[in-house]
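> coordinates only, sequence not included:
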Ligand SMILES: *Cc1c(COP(=O)(O)O)cnc(C)c1O
């Protein structure tokens with residue numbers, strides 16, 4: 001008898017994007033003349049920048065030469081990339097190259113990292129949230145079952161709403177229910193909001209005082225333009241003892257198809273072993289990766305390295321600037337319509353508070369029918385997204401401009 005991991009049966013139906021596709025297909029069949037614009041895309045428009053393409057081509061050629069061929073690389077990533085990241089991204093911060101673990105993307109790392117922790121660790125996450133943090137813990141059996149609203153009994157939700165300016169408040173749970181692990185993502189997907197240095201310090205201090213760990217998703221740091229907003233959690237004093245950081249080349253440099261990211265696991269971050277002794281997570285993650293992962297490809301790591309050169313940085317900046325301009329234009333349009341909207345600065349995401357009691361699927365249908373625009377219902381990001389809607393700046397500029405004209409004509 002092959003008994004399954006029954007925790008998988010507790011996962012919410014992965015119906016969001018299939019339901020979006022179904023509704024769009026039904027609408028298109030009934031309205032073949034309508035030109036639909038997608039403002040809900042969670043993928044970059046591309047293409048990859050010239051510096052990245054050159055690095056790829058050079059690395060491909062090397063793989064065809066006996067003298068330069070590379071087979072299995074180090075599971076942790078090549079030194080050339082780890083050294084480059086440490087120098088380019090963490091120059092003034094206390095991160096050393098051997099604390100950087102290269103991977104094939106942040107989603108896997110964020111999903112896999114929870115394997116290092118006991119089955120009864122308590123998990124806190126923001127609501128709304130990038131679904132991977134919750135789902136990976138549901139699979140591991142830490143979340144239990146969801147109630148009717150989709151809230152898991154075993155998770156601690158930190159609401160991020162227009163009322164609290166999308167800044168999560170410290171959990172107000174009894175001491176015995178304090179979280180052991182806290183997922184934070186800033187700039188946030190889906191709300192598009194950032195935390196200031198002092199707001200992030202509150203979380204680092206809380207983690208230190210409560211012996212908790214912060215898993216910090218910095219996938220969107222390249223979109224930060226405002227001086228003073230922290231790009232890395234290690235800019236916050238004390239974070240080196242309590243935080244692991246995840247980054248990705250996906251949104252930063254258009255690597256969504258190429259696949260590369262990394263985790264920073266400082267040697268000073270520890271968990272508690274069965275005998276009460278502190279165990280460095282660095283050693284555990286190294287063991288996990290060397291056992292289950294065989295490294296990100298050489299070619300892709302050369303491409304990632306190229307994004308950190310001065311030309312690479314300039315090209316990446318130009319691409320993220322274009323996405324930011326789109327997002328800002330969408331945000332400005334909603335603001336001028338008198339609606340409450342977050343994001344669109346320091347982030348490619350725009351998070352709209354729907355008027356009154358309107359729910360996110362109702363708005364989805366209205367937007368499609370009136371403006372032929374597709375976005376992402378907030379309900380897909382957790383119970384807290386029910387009255388919100390996500391737009392992205394990842395479309396092309398002309399389409400985004402036309403969509404904005406149509407948005408202004410909406411009657412809500
Ligand atoms: C896109 C995204 C990632 C990056 O995922 P990759 O696997 O590196 O493509 C990580 N976190 C969030 C919140 C994201 O939106």
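That came in fine, so what should we check first? Not measured: the values here are computed from a predicted model.
> who are the packing partners of the longest helix along the chain?
In the chain, with assignment by DSSP state H, the single longest helix is helix 310-336. With contacts defined as 3 or more Cβ pairs under 8 Å, 6 or more residues apart in numbering; DSSP states H and E, the packing partners of helix 310-336 are helix 50-63, helix 250-253, strand 340-343, strand 349-353, strand 388-392, helix 397-408. Placement of C-beta: from N, CA and C, glycine included.
> relative to helix 310-336, how tilted is the longest one?
Angular relation of helix 50-63 and helix 310-336 on a 0 to 180 degree scale: 140 degrees, by axes from the mean of the first three to the mean of the last three Cα atoms, to 10 degrees.
> and if you look at the last one?
Using the same axes, to 10 degrees, the interaxial angle of helix 397-408 with respect to helix 310-336 works out to 10 degrees.
> buried stuff in the longest helix of the chain?
Residues of helix 310-336 classed as buried under the neighbour-count rule (16 or more other Cβ atoms under 10 Å) are 312, 315-316, 319-320, 322-324, 326-331, 333-334.
> equivalent analysis for stretch 161-178, please.
Neighbour counts over stretch 161-178 (16+ other Cβ under 10 Å) mark 161, 166, 167, 168, 171, 178 as buried.
> same thing with stretch 194-213?
Buried residues in stretch 194-213, counted by 16+ other Cβ under 10 Å: 194-195, 199-208, 210, 212-213.
> of all these, which comes closest to the ligand?
residue 194 (13.2 Å; Cβ to the nearest ligand atom).
> A helix includes that closest one, no?
No: counting by DSSP: H, G, I helix; E, B strand; the rest coil, residue 194 is not part of a helix but coil.
> unless I'm mixing things up, it is touching residue 228, no?
No: in terms of Cβ atoms under 8 Å, residue 194 does not count as a neighbour of residue 228; the distance is 10.1 Å.
> for the ligand, see how far away residue 87 is.
21 Å (Cβ to the nearest ligand atom, to the nearest Å).
> please apply the same query to residue 272.
Plainly put, residue 272 is 27 Å away from the ligand if you go by Cβ to the nearest ligand atom.
> where does the chain have low pLDDT?
Within the chain, the set of residues satisfying pLDDT under 70 is empty.
> near the ligand, which residues of it show up?
Taking Cβ under 6 Å from any ligand atom as the criterion, the neighbours of the ligand within the chain are 105-107, 130, 185, 189, 217, 219, 248, 250-251, 256, 261.
> among those, which lie within strands?
Per DSSP state E, strands hold the following members of the residues of the chain next to the ligand: 185, 217, 248, 261.
> so which pair among those residues is furthest apart in space?
Greatest spacing in these, by Cβ to Cβ: 185 and 261 (13.6 Å).
> mutual contacts of the two, please.
Common neighbours of residue 185 and residue 261 (criterion: Cβ atoms under 8 Å, 6 or more residues apart in numbering): residue 219.
> from residue 178, how far out is the residue nearest to the spatial centre of the chain?
A centroid search over the chain (Cα atoms, centre = their mean) returns residue 219, at 5.0 Å, as the residue closest to the centre. According to Cβ to Cβ, to the nearest Å, residue 219 stands 27 Å off from residue 178.
> before we move on, the earlier item: so which of the ones in strands among the residues of the chain next to the ligand is the closest to the ligand?
Proximity of those to the ligand (Cβ to the nearest ligand atom) peaks at residue 248, which lies at 3.2 Å.
> check whether the closest one really touches residue 261, as I assumed.
Yes: under the contact definition of Cβ under 8 Å, residue 248 touches residue 261, with a separation of 3.9 Å.
> need the contact list for the residue nearest to the centre of the chain.
Residue 219 makes contact with 106, 185, 189, 246, 247, 248, 250, 251, 252, 261, according to Cβ under 8 Å, 6+ apart.
> rerun that using 7 Å as the cut-off
Taking Cβ atoms under 7 Å, 6 or more residues apart in numbering as the contact definition, residue 219 lies against 106, 246, 247, 248, 250, 251.
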